[in-house]
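K.L.:
can't give you the sequence, but here's the structure:
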Ligand code: GRF
């Protein structure tokens, strides 16, 4: 199984996937890491792990559609069978998802369907919930709305700032995402083999 990853920034979730893969916990290979930011730390992490990587900064394209098309072409050429979004700050268009034609996963730092969209941790704090968490889900055409694969709750403590809560959730994300990717890959392998695990 060939995995592609898209990430816009720091790439700590990408790092957790790279480590799980290197430790043999994910029965698949990360073959492509793309970013919409040339300076993304995620690209440096891919470089260090010897994974083919590429930046697609908007300024190199005449429109967002053209930028997305370039990402699509590159992922297609990389022959990926699963796309993992790890802090990719762009919503993929329905045309992109249709043309890519493989499962796409995302991780969101809240217990969906609560607090979709940007600044989920801030939204949770402002609402005053006592429990938040993170969710791994399939990507569909909506915003953080596809079928849920795994979720884990994280407590919100009195006095939490956005940074503290973000950090507490992130630690759980780093465990949950590799686990969800492993589950999905095993299922895909099973389907490919006509029902048999291998
Ligand atoms: C994570 O909080 C993830 O849930 C959200 O974006 C953030 C990415 O962090 N989708 P990182 O780049 O993986 O460190």
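P.N.:
Perfect, I can see it now. Small disclaimer: the values here were computed from a predicted structure and weren't measured. Numbers count the residues shown, from 1 in each chain.
K.L.:
List the buried residues for the biggest helix by length in the chain?
P.N.:
Counting residues, the longest helix found in the chain (DSSP state H) is helix 162-192. Residues of helix 162-192 classed as buried: 165-166, 168-170, 172-174, 176-182, 184-186, 188-189 (neighbour count, 16 or more other C-beta atoms under 10 Å). Placement of C-beta: from N, CA and C, glycine included.
K.L.:
Which secondary structure elements does that helix sit against?
P.N.:
helix 12-22, strand 82-85, strand 104-108, helix 120-127, strand 131-138, strand 148-155 (3 or more C-beta pairs under 8 Å, 6 or more residues apart in numbering; DSSP states H and E).
K.L.:
Let's see that with 6 Å instead.
P.N.:
Here helix 162-192 touches helix 12-22, helix 120-127, strand 131-138, strand 148-155, going by 3 or more C-beta pairs under 6 Å, 6 or more residues apart in numbering; DSSP states H and E.
K.L.:
now the angle between helix 12-22 and it, please.
P.N.:
40 degrees (axes from the mean of the first three to the mean of the last three C-alpha atoms, to 10 degrees).
K.L.:
Save the helices and strands packed on helix 162-192 as JSON lines, and put in distance to the ligand and mean neighbour count too.
P.N.:
Formatted as JSON lines, the helices and strands packed on helix 162-192 follow (distance: least, C-beta to the nearest ligand atom, whole Å; neighbours: other C-beta atoms under 10 Å):
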{"stretch": "helix 12-22", "distance to the ligand": "3", "mean neighbour count": "20"}
{"stretch": "helix 120-127", "distance to the ligand": "8", "mean neighbour count": "18"}
{"stretch": "strand 131-138", "distance to the ligand": "6", "mean neighbour count": "22"}
{"stretch": "strand 148-155", "distance to the ligand": "12", "mean neighbour count": "16"}
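K.L.:
how about CSV for these, with distance to residue 77 added?
P.N.:
What follows is those, written out as CSV (distance: least, C-beta to C-beta, whole Å):
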stretch, distance to residue 77
helix 12-22, 20
helix 120-127, 33
strand 131-138, 23
strand 148-155, 27
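K.L.:
Let me see the contact set for residue 8.
P.N.:
Neighbouring residues of residue 8 by C-beta atoms under 6 Å, 6 or more residues apart in numbering: 36, 37, 40, 87, 88, 89.
K.L.:
how many neighbours does the last one have?
P.N.:
In other words, residue 89. 13 (other C-beta atoms under 10 Å).
K.L.:
Spatially nearest residue to it, not counting backbone neighbours?
P.N.:
Of all residues not flanking residue 89 in the chain, residue 8 sits nearest, at 4.2 Å (C-beta to C-beta, 6 or more residues apart in numbering).
K.L.:
okay, the one you found: pLDDT?
P.N.:
If you check residue 8, the pLDDT there is 98.
K.L.:
secondary structure class for it?
P.N.:
coil (DSSP: H, G, I helix; E, B strand; the rest coil).
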